[in-house]
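**Q** Pasting the sequence and the predicted model now:
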Amino acid sequence: MSNYKIETKCVQGGYRPGNGEPRQIPIVQSTTFRYETSEDMGKLFDLEASGYFYSRLQNPTCDTVAAKICELEGGTAAMLTSSGQAANFYAVFNIANCGDHVVCSSTIYGGTFNLFAVTMKKMGIEFTFVTPDCSAEELEAAFCPNTKAVFGETIANPALTVLDIEKFATAAHAHGVPLIIDNTFATPVNCRPFEWGADIVTHSTTKYMDGHGAAVGGCIVDSGKFDWMAHAEKFPGLCTPDDSYHGIVYAEKFGKEGAFIYKATAQLMRDFGSTPAPQSAFLLNLGLESLHVRMERHCANALAVAKFLEGHEKITWVTYAGLESSPYYALAQKYMPKGTCGVVSFGVKGGRKAAEQFMKHLRLAAIETHVADARTCCLHPASATHRQMNDEELIAAGVSGDLVRLSCGLESADDLIADLAQALETV
Ligand SMILES: *Cc1c(COP(=O)(O)O)cnc(C)c1O
């Protein structure tokens, strides 16, 4: 499929049925797989032959969908995980161990921030957070001798900052470590981070890829470009023998193209088991088939809504990288010329109380903690996810009391704007 355009890959990537085989991807609802001899199975356990033996590690339905996402991103290997959280945990933990360090953009998803700054810190992995807008010198200063990776989000959730991927890739490579990009909000339809120097891409497929609020999931894709063996002293897990698989060396046996995903599957999926159900992978694939069509509409609706809000007297500020007034407009044009995402955030004049009042009167936009759904939804963090914080604490967390996050769905932009207009009248 590699010569086809992204739209064609969304629809047909990852799966090509043979003569008389099902047109839709089969759901292989089986935990286990049958073999003729113990020798046959033994080869699988030694990673000498490839094949399925237990769905905690690999399942054909999940692999088919992972192969489609791999094609969409332009990678060489990919795996699905049961959530975006699992994808980011595996992607980092696959190369950073106790005593290691990671450089990370400070504007990342709250769940990822907690995973890194609290839970992985308890595992002995330290993170240094740098603002995505930092200078090359400030970024350089964040590295330590034990740094093993750099991490950021193409478009941050919910801050909506745009990452200068090339700047972060250059710094990571100067230090002999890979750049991991969470590409959830942009999706490969709008941005392919590998084309800008990223080495590993992760996704919460729960968002636009699924797109219908149906199944939680995640994905990790390897570009196949990072040369682990050239920095073997930094990555012993990939470049020295794994005793739990008869001493194979992943970077030797599977090369640059396959080592990262093989190791994450053979060790992390084996031991942590954050595997998706085949049924969830099937639902994800239904979403992927229309991803390119939906992203275009999500972005068009968000831009129309952002422009309406920007001109409204009861709105104090609007954050959307597709607006020419955005400080991220130039970066967005460079990395995402087709559009950014469907999420817009803005402030309602009158602060916390006014924002609450406004949201109460919305008819189409439902109040949810979700984003990237076909149905428009919104959240007032100050009265929901961040409600325990006072006004000063909210500002320190980058979430002002008046902030409303709106995820524009696939409805008519006219209807969405009319809904916002009537709710603003009540404020
Ligand atoms: C939602 C989200 C995650 C976490 O994904 P889950 O599927 O909810 O586990 C990670 N990164 C980003 C950017 C997200 O929006």
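**A** Yes, it's here. Residues are numbered from 1 along each chain as shown.

**Q** Show me which positions of stretch 268-285 end up buried.
**A** 268-269, 272, 274-278, 280-285 (16 or more other CB atoms under 10 Å). To be clear about C-beta, it is placed using only N, CA and C from the backbone, and glycine gets the same treatment.

**Q** Just these: which are in helices?
**A** Among those, DSSP state H puts 272, 278, 280-285 in helices.

**Q** Including distance to the ligand, could those go into JSON lines?
**A** JSON lines is the format used below for those (distance: CB to the nearest ligand atom, whole Å):
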{"residue": "272", "distance to the ligand": "14"}
{"residue": "278", "distance to the ligand": "18"}
{"residue": "280", "distance to the ligand": "11"}
{"residue": "281", "distance to the ligand": "14"}
{"residue": "282", "distance to the ligand": "17"}
{"residue": "283", "distance to the ligand": "13"}
{"residue": "284", "distance to the ligand": "11"}
{"residue": "285", "distance to the ligand": "16"}
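
**Q** Need the pLDDT of the one residue in the chain that gets nearest to the ligand.
**A** Taking CB to the nearest ligand atom, the ligand has its nearest neighbour within the chain at residue 84, 2.2 Å off. Per-residue confidence (pLDDT) for residue 84: 98.

**Q** ok, now residue 397?
**A** 64.

**Q** Check residue 2 too.
**A** Looking at residue 2, the pLDDT reads 79.

**Q** Could you tell me which residues make contact with it?
**A** Residue 2 sits next to 71, 74 when contact means CB atoms under 8 Å, 6 or more residues apart in numbering.

**Q** swap in the one 3 residues further on?
**A** If you count contacts by CB under 8 Å, 6+ apart, residue 5 has none.

**Q** returning to what we had before: skipping its backbone neighbours, what lies nearest the residue of the chain closest to the ligand in space?
**A** residue 204 (2.5 Å; CB to CB, 6 or more residues apart in numbering).

**Q** Distance check, the nearest residue to residue 231 once chain neighbours are set aside against residue 76.
**A** The shortest distance from residue 231 to any non-neighbouring residue, by CB to CB, 6+ apart, is to residue 176 (4.1 Å). Distance of residue 176 to residue 76, given as CB to CB, to the nearest Å: 20 Å.

**Q** what about these two, which has more around it?
**A** Counted by other CB atoms under 10 Å, residue 176 and residue 76 do not tie: residue 76 has more neighbours, with 19 against 15.

**Q** Surely the more buried one touches residue 260?
**A** No: checked against CB atoms under 8 Å, the pair residue 76 and residue 260 is beyond contact range at 9.2 Å.

**Q** Now list whatever residues contact both of those two.
**A** The contact lists of residue 76 and residue 260 share residue 222, where a contact means CB under 8 Å, 6+ apart.

**Q** check which helix or strand covers residue 57.
**A** Using DSSP states H and E, residue 57 falls within no helix or strand.

**Q** Identify the residues contacting the nearest residue to it once chain neighbours are set aside.
**A** Excluding its sequence neighbours, the residue lying closest to residue 57 (CB to CB, 6+ apart) is residue 269, at 5.3 Å. Residues near residue 269 by CB under 8 Å, 6+ apart: 56-58, 79, 81, 90, 275.

**Q** Then residue 248?
**A** 46-47, 241-242.

**Q** Could you list which of the residues you listed also contact the ligand?
**A** When contact is defined as CB under 6 Å from any ligand atom, those do not meet the ligand at all.

**Q** with these in mind, which one is nearest to residue 189?
**A** Nearest to residue 189 out of the contacts of residue 248 is residue 47 (CB to CB; 33.9 Å).

**Q** how about the closest one, secondary structure?
**A** coil (DSSP: H, G, I helix; E, B strand; the rest coil).

**Q** Residue 102: which element?
**A** Here residue 102, judged by DSSP H and E, is contained in strand 101-105.

**Q** which secondary structure elements does that strand contact?
**A** strand 126-130, strand 147-153, helix 165-174 (3 or more CB pairs under 8 Å, 6 or more residues apart in numbering; DSSP states H and E).

**Q** Out of the ones you listed, which one sits most buried?
**A** Compared across those, strand 147-153 shows the largest average neighbour count, a mean of 25 (mean count of other CB atoms under 10 Å).

**Q** so where's the longest helix in this structure?
**A** Assigned via DSSP H, the chain shows its longest helix as helix 291-310.
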